[in-house]
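> Here's a sequence, model it:
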Amino acid sequence: MELKIHLKDIRLYGYHGVHPLEKQVGIEFIIDINIIIHRNQATFLLTDTIDYESIFLLLKEEFIKTESLLENLANRIIHRIHTDFPSTQAVDISIMKVGAPITNFQGKVGISISKTFYQV
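Alright, predicted model coming up:
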């Protein structure tokens with residue numbers, strides 16, 4: 001059985017980006033994370049799955065470490081999720097900047113990365 005865990009529309013403030021203004025003033029980000037774990041049973045205990053709060057706290061810890069590229073931030077978060085929760089089979093993460101410092105631009109820009117982990 002495949003279990004999908006979703007954390008959607010997480011809003012965090014951070015100092016990520018290549019523009020000096022992003023590193024000085026910061027910017028709001030919206031993050032979506034999808035995690036897949038495989039289970040052999042239909043019933044669950046909290047120890048059989050991944051607690052939402054644990055993922056959120058992990059995300060906040062990693063988010064305070066400034067990165068120039070969102071790709072590096074996303075890869076670091078994915079690696080940490082897999083390390084902290086070895087039952088993770090796949091992670092999909094999307095990180096969007098709200099109000100990126102682009103002249104006359106309104107909207108969001110960002111990246112998405114997916115990674116599947118193969119268990120031996």
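
> elements contacting the lowest-mean-pLDDT helix or strand in the chain?
Least confident helix or strand of the chain, by mean pLDDT, DSSP states H and E, is helix 20-24 with a mean of 89. The helices and strands touching helix 20-24, judged by 3 or more CB pairs under 8 Å, 6 or more residues apart in numbering; DSSP states H and E, number zero. Yep, even glycine has a C-beta here, placed from its N, CA and C like the rest.

> If we go by neighbour counts, what in that helix is buried?
residue 22 (16 or more other CB atoms under 10 Å).

> what sits up against that helix?
15, 16, 17, 66, 101 (CB atoms under 8 Å, 6 or more residues apart in numbering).

> 10 Å instead?
14, 15, 16, 17, 27, 66, 68, 97, 100, 101 (CB atoms under 10 Å, 6 or more residues apart in numbering).

> Could you give the separation of it from the chain centroid?
On the basis of CA atoms, centre = their mean, to the nearest Å, helix 20-24 sits 21 Å off its chain's mean C-alpha point.

> Against which helices or strands is the longest helix seen in the chain packed?
Taking DSSP state H as the criterion, the chain has its longest helix at helix 70-84. Applying 3 or more CB pairs under 10 Å, 6 or more residues apart in numbering; DSSP states H and E, one finds that helix 70-84 contacts strand 27-38, helix 52-63, strand 88-98, strand 108-116.

> okay, the ones you listed in TSV with mean neighbour count and mean pLDDT next?
Formatted as TSV, the helices and strands packed on helix 70-84 follow (neighbours: other CB atoms under 10 Å; pLDDT from 0 to 100):
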stretch	mean neighbour count	mean pLDDT
strand 27-38	18	94
helix 52-63	15	96
strand 88-98	20	96
strand 108-116	14	96
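
> want to throw these into a markdown table with distance to residue 81?
Listed next are the helices and strands packed on helix 70-84 as a markdown table, based on distance: least, CB to CB, whole Å:
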| stretch | distance to residue 81 |
| --- | --- |
| strand 27-38 | 6 |
| helix 52-63 | 7 |
| strand 88-98 | 5 |
| strand 108-116 | 9 |
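
> wait, which of these is closest to residue 80?
Of all the helices and strands packed on helix 70-84, it is helix 52-63 that lies closest to residue 80, at 5.8 Å by CB to CB.
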